[in-house]
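1. sequence plus the predicted model coming up.
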Amino acid sequence: MTSSTVARTPAPATPDTPLRTWGGTHSWQPARRVAPRDEGELGTVVAGAAADGLRVRAMGAGHSFTAAAVTDGVHVGLDHLSGIEAVTPQADGTSLVTVRAGTRLHHLNRLLAALGLAMRNLGDIDRQSVAGAISTGTHGTGARLGGLATQVRGVRVVGADGVVRSASDAAAPGSPERELFEVARLGLGVAGVLSAVTLEVVPAFWLRAQEEPWPLDRVLEGLDEYVDGNDHAEFYWFPGTRRALTKRNNRATADEVEGWAAGRAGARGVVRTAGARARALLDEEVLSNGVFEVANRLAFAAPGIVPRLNAVSARALGAKTYLAPSADVFVTRRRVRFVEMEYALPRAALRPVLDDLDAWLRASGEPVPFPVEVRFAAADDVWLSTAHGRETAYVAVHQYAPMPYQRYFSAAEQIFAAAGGRPHWGKMHTRTAEYLADHYPLADVARVRAAVDPDGVFRNDYTDTVLGTADSSTD
C-alpha cells in the first residue's frame, strides 16, 4: 500500500444553497462545500475537516435516492477530478485504465471509445460519477457478468489524515491493503474519499439489440433460457397487465457490424435503415420520454386512469433490432423524474416475488404508471455487492416523482425482504445493519473502518444505519 500527499490551498466554497439528490428525495445544507482541483488539494480539504471535527462526505452526480451523500459537515464535489490518467494494455487483451474518480460515466465512455476500448458492462444510466457508481453498487444486466465494482482492479483513496493510499486486488488476501481495497471499491465512501480508480476494460465492441413486447408468462416460463441464452437480458413489466417489454443484447460479429455499416448512421452512432432509425427515434425520444412524461402527468392528475395508460404503454413500443457500439445500447436516456427502490433477489425467487407484487397491486388499486424493471447478474465475491455469493435477479420499482410512493414501496419491500432480498445501496429502502448482517460480512467492514477511520470522519446517519458504526459489531 503506497501513500503520498501534497499540500494545496483549498478551492473557494460554492454558493450557500441547499443540495438535493437527483430524484428530490433528500435536501441538506453542509457546513462547508469544496470542489478540490486536484488530488493534493483533496487531501488538504479532508485533513482540515478532520482537524476541525467535521465529517466529510463526497458526492459525484447526486444520483442516489438514499442519504448516502448527506452531511452537515464538509461536502466534497469531485467534478474537477475528471479524465483518464493512464492506460496499460494487458497480455490477455484487456487494458487497465486509471481514471479520476469524479469522471462521469458518459464522459468515460467517450474517452474509452476514442482509444478503441469499452467497459465490459454498464448500467442503464450514465450520468453518475465513476466513484459514486462503484461505491453504491451500480450494475447492469448479464447472467455471466458482475456489477461495476467487479471491474475495479485498484483504487486511490484519501484518508482522514489527508494521505492518499493506493490499494489493489493484487494484494494478498487478508492484508491491510487488500481489505482497504474491498471496502473502498464498494463501501459508500466509509474508507475515505476516492480520488482515482483503475478499471479493467476490454476492446471496443458492438451489440445486437433486440427489443420486443412479449407476454409476461412467456418470459417467466422460459426464464432460464432467456437469461442464460443472451449476453445481457432484461425486461420491463407494466403493472396491471401481463405484458413485458423484453431487451436482449448480444455481441455482434465482425460480419454483422460490417453489414450494418453499409446502412445509414442514426442518432448516437446507431447504424440502422432509415425506417428503423425513425422508429427508434420515436421510441426513445417520444414514447420513452415525451409521451411517457405526458402519461405520468395524466396519472398524477387522474390516478384512476392508470390501468388504461399501462395497457396502452404495454403495447405502444414496437419490436426493433439494431446494432450499435456497446455503450450506446447499454445506456438509456431518462428525462422523466422518478423515485426508485431496487432489491437484489435470489434468481430462483423472481417468479413468486413478481406474483406477490402483482397480487398486491391488483388488490390495492395503487396507481403505478412506471413499469417494473428486472435485470440479472452473476454471483461475485465483492464484500458489499448485492450479488455477493449468489446468482441474482434485480427487481426495481419506480414511481413518478410528484406521486405518492410510500405505500407502494413499503408493500414491495416487505415482499422483497421476505424472499431474502438485499436493497441497492443507492436506492430507497428501510433496511438496517441488523438485517443486512445476515447478507454481508459487516463485522469485517467494521474492522477495516475502525483501522482506517477511527474517528468516524467519513460516517453519516445513513452509513450508521446500514453498516453500523465503525466501532460496533452486528454479530
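-> That came through fine.

2. quickly list what A396 is bridged to.
-> E342, E373 (DSSP bridges).

3. can I assume it is in contact with F338?
-> No - A396 is beyond contact range of F338, at 10.1 Å (criterion: C-beta atoms under 8 Å). All C-beta spots, glycine's among them, are computed from the backbone N, C-alpha and C.

4. where does G259 land in three-state SS?
-> Three-state call for G259 (DSSP: H, G, I helix; E, B strand; the rest coil): helix.

5. in stretch 231-243, what's buried?
-> 231-241, 243 (16 or more other C-beta atoms under 10 Å).

6. export those residues as TSV, with columns for pLDDT.
-> Shown next, in TSV, are the buried residues of stretch 231-243 (pLDDT from 0 to 100):
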residue	pLDDT
D231	98
H232	98
A233	98
E234	97
F235	97
Y236	95
W237	95
F238	92
P239	93
G240	91
T241	93
R243	92
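
7. ok, now how distant is S95 from G83?
-> S95 sits 16 Å away from G83, going by C-beta to C-beta, to the nearest Å.

8. do R459 as well
-> Taking C-beta to C-beta, one finds R459 at 30 Å from G83.

9. quick one: which of the two has more around it?
-> R459 (22 against 12; other C-beta atoms under 10 Å).

10. so what's the more buried one up against?
-> Counting by C-beta atoms under 8 Å, 6 or more residues apart in numbering, R459 makes contact with 55, 190, 453, 469-470.

11. next: A451.
-> P176.

12. give me the phi and psi for it.
-> Dihedral angles of A451 (phi, psi; degrees, to the nearest 10) stand at phi -80, psi -40.

13. pretty sure L81 belongs to a strand, no?
-> No - judged by three-state DSSP, L81 forms no part of a strand; its state is coil.

14. quick one: average pLDDT of the longest helix seen in the chain?
-> If you go by DSSP state H, the chain has its longest helix at helix 350-364. Mean per-residue pLDDT for helix 350-364: 97.

15. who touches that helix?
-> 216, 220, 223, 237, 239-240, 345, 366, 368, 372, 374, 393, 395, 397, 407, 411-412, 415-416, 419, 421.

16. among the residues you listed, which are located in helices?
-> Going by DSSP H, the helices hold 216, 220, 223, 407, 411-412, 415-416 from the contacts of helix 350-364.

17. want to throw these into TSV with pLDDT, distance to L442 and neighbour count?
-> TSV is the format used below for those (pLDDT from 0 to 100; distance: C-beta to C-beta, whole Å; neighbours: other C-beta atoms under 10 Å):
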residue	pLDDT	distance to L442	neighbour count
L216	96	36	19
L220	97	34	19
L223	97	32	19
R407	97	30	12
A411	98	27	18
A412	98	24	27
I415	98	24	22
F416	98	19	26
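
18. closest to R185 among the residues you listed?
-> Of all these, R185 sits closest to F416, with 25.1 Å by C-beta to C-beta.

19. would you mind measuring from the closest one to R57?
-> Distance from F416 to R57, by C-beta to C-beta: 27 Å.

20. got any ranges where the stretch 351-475 of the chain has weak pLDDT?
-> 470-475 (pLDDT under 70).

21. the same query, at a cut-off of 50, please.
-> For the stretch 351-475 of the chain, residues meeting the criterion pLDDT under 50 lie at 473-475.

22. which residue, neighbours along the chain excluded, lies closest to L186?
-> A149 (4.1 Å; C-beta to C-beta, 6 or more residues apart in numbering).

23. next one: R390
-> Using C-beta to C-beta, 6+ apart and skipping residues adjacent in sequence, the residue nearest R390 is A379, 5.1 Å away.

24. ok, the one you found - contacts?
-> By C-beta under 8 Å, 6+ apart, the neighbours of A379 are 387-392.

25. report the buried members of those.
-> The buried subset of those (16+ other C-beta under 10 Å) comprises 387-388, 390-392.

26. which of the residues you listed sit farthest apart?
-> H388 and E391 (11.3 Å).

27. tell me the predicted confidence for the spatially most central residue of the chain.
-> In the chain, the centroid-proximal residue (C-alpha atoms, centre = their mean) is T138; its distance is 2.5 Å. pLDDT for T138: 96.

28. look up how far D224 lies from V457.
-> When V457 is compared with D224 (using C-beta to C-beta), they lie 47 Å apart.

29. how about T465?
-> To D224, T465 is 36 Å away according to C-beta to C-beta.

30. which SS state does L309 fall under?
-> Following three-state DSSP, we place L309 in the helix state.

31. how about the one 4 residues further on?
-> Put simply, S313 is helix when judged by three-state DSSP.

32. cool, W214 as well?
-> strand.

33. mind listing what it touches?
-> W214 neighbours (C-beta under 8 Å, 6+ apart): 235, 243-246.

34. quick one: contacts of stretch 304-314?
-> Against stretch 304-314 from outside (C-beta under 8 Å, 6+ apart): 213, 238-241, 243-245, 292, 295, 298-299, 367-369, 371.

35. so which of the residues you listed are in strands?
-> Of the positions in those, 213, 243-245 sit in strands, assigned by DSSP state E.

36. next one: stretch 92-107 to chain centre, how far?
-> 16 Å (C-alpha atoms, centre = their mean, to the nearest Å).

37. got the buried residues for that stretch?
-> 94-105, 107.

38. so for that stretch, what's the average pLDDT?
-> Taken as a whole, stretch 92-107 has a mean pLDDT of 97.

39. now do the SS call for N249.
-> strand.

40. quick check: pLDDT value at it.
-> 98.

41. identify the bridge partners of it.
-> A209, H232.

42. residue contacts, it?
-> 207-210, 230-233, 329-330 are the contacts of N249 under C-beta under 8 Å, 6+ apart.

43. what about it, distance to V164?
-> 38 Å.

44. likewise K247?
-> In terms of C-beta to C-beta, K247 sits 41 Å off from V164.

45. now D224
-> 46 Å.

46. more neighbours: those two, which one.
-> V164 (22 against 11).

47. beta-bridge partners for that one, please?
-> Residues in beta-bridge contact with V164 (DSSP bridges): S4, V158.

48. so it sits right up against G43, yeah?
-> Yes - under the criterion of C-beta under 8 Å, V164 makes contact with G43 at 5.9 Å.

49. one step back: among the buried residues of stretch 92-107, which ones are in helices?
-> 105, 107.

50. having no further points to raise, I will conclude here.
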